[in-house]
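S.K.: all I have is the shape, not the residue letters:
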């Protein structure tokens, strides 16, 4: 497992001094980025080879939210590569090594010149050490969209939501969904990413409620989803 240590900052917590879901996602994404940088296949390598890892899906389980000032360890490891698809687990631990949050993620390797998916080369794959996948209940990558639903007010994408790939950061979709669904501390978050939203795009949400789950489809004006988020 690749890992790094941190401490929960005031800027990362909500009004109850809990690390936000967005903060947890950012820690996970940072951890995988740090690993790639440290083994020599980070941003510079990807840009020079016209490649990028694109996130397809998150499944994040939140057992306990760490609080302001708490010291944590964030860890990650890949457990499988199949063609142009990569699979990666994450954990967030406290000082007692208690597992506070954990996740599964699915990624695609993209040729940024052609816009098509590409199989990772032998060199890239040799840099990563595969480990056993985390013992958790794995959900399907594809999220079923319920019938019916209600429309919510459209949201215009602004500059602060754009990342280095020039599209909306993965974490921003989850933050939008939480604001729309008015959910504060979910116990599980699943996200399926369909396509990238860009600066100036308008996202039109549609909300669905089924028992203990709430789903929001974040779509374009034609109803084609950018992402689908489920929280419970």
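M.R.: Thanks, I have it. Since this is a predicted model, take the numbers as computed values, not measurements.
S.K.: ranges for the helices of the chain?
M.R.: 21-38, 43-48, 122-127, 170-181 (DSSP state H).
S.K.: could I get these in CSV, plus columns for mean neighbour count?
M.R.: Using the backbone N, CA and C atoms, a C-beta is placed for each residue, glycine as well. Formatted as CSV, the helices of the chain follow (neighbours: other Cβ atoms under 10 Å):
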stretch, mean neighbour count
helix 21-38, 20
helix 43-48, 12
helix 122-127, 13
helix 170-181, 21
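S.K.: out of those helices, which is closest to residue 216?
M.R.: Residue 216 lies closest to helix 170-181 among the helices of the chain, at 4.7 Å (Cβ to Cβ).
S.K.: what's that closest one packed up against?
M.R.: helix 21-38, strand 51-62, strand 188-193, strand 202-210, strand 213-219, strand 225-231 (3 or more Cβ pairs under 8 Å, 6 or more residues apart in numbering; DSSP states H and E).
S.K.: tell me how many other residues surround residue 147.
M.R.: 6 (other Cβ atoms under 10 Å).
S.K.: please disregard the earlier target; I meant residue 186.
M.R.: 21.
S.K.: likewise for residue 138?
M.R.: Neighbour tally, residue 138, other Cβ under 10 Å: 11.
S.K.: now do the domain split for the chain, please.
M.R.: Following automatic domain parsing, the chain resolves into domains at 2-127, 150-231.
S.K.: figure out how far the longest one is from the centre of its chain.
M.R.: In this case it means domain 2-127. Taking Cα atoms, centre = their mean, to the nearest Å, one finds domain 2-127 lying 8 Å from the centre of the chain it belongs to.
S.K.: swap in the last one?
M.R.: For domain 150-231, the separation from the chain centroid amounts to 12 Å (computed by Cα atoms, centre = their mean).
S.K.: returning to what we had before: in TSV, list the domains of the chain along with mean pLDDT and distance to residue 143.
M.R.: Formatted as TSV, the domains of the chain follow (pLDDT from 0 to 100; distance: least, Cβ to Cβ, whole Å):
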stretch	mean pLDDT	distance to residue 143
domain 2-127	96	8
domain 150-231	94	5
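S.K.: for residue 137, find the nearest of the ones you listed.
M.R.: domain 2-127 (8.4 Å).
S.K.: gap between the two ends of that closest one?
M.R.: 12 Å (Cα to Cα, to the nearest Å).
S.K.: same check, this time on stretch 216-232
M.R.: Across stretch 216-232, first to last residue, Cα to Cα, it's 12 Å.
S.K.: can we start the residue count at 307 from this point?
M.R.: Happy to do that; since the first residue is 307 now, the last one works out to stretch 522-538.
S.K.: residue at max distance from the center of the chain?
M.R.: residue 454 (26.5 Å; Cα atoms, centre = their mean).
S.K.: mind listing what that residue touches?
M.R.: residue 514 (Cβ atoms under 8 Å, 6 or more residues apart in numbering).
S.K.: could the helices and strands packed on helix 476-487 go into a markdown table alongside distance to residue 488?
M.R.: A markdown table is the format used below for the helices and strands packed on helix 476-487 (distance: least, Cβ to Cβ, whole Å):
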| stretch | distance to residue 488 |
| --- | --- |
| helix 327-344 | 13 |
| strand 357-368 | 17 |
| strand 494-499 | 15 |
| strand 508-516 | 10 |
| strand 519-525 | 9 |
| strand 531-537 | 10 |
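S.K.: those: which one's closest to residue 382?
M.R.: Comparing the helices and strands packed on helix 476-487 by Cβ to Cβ, helix 327-344 comes nearest, at 4.6 Å.
S.K.: got the angle for that closest one vs strand 357-368?
M.R.: 140 degrees (axes from the mean of the first three to the mean of the last three Cα atoms, to 10 degrees).
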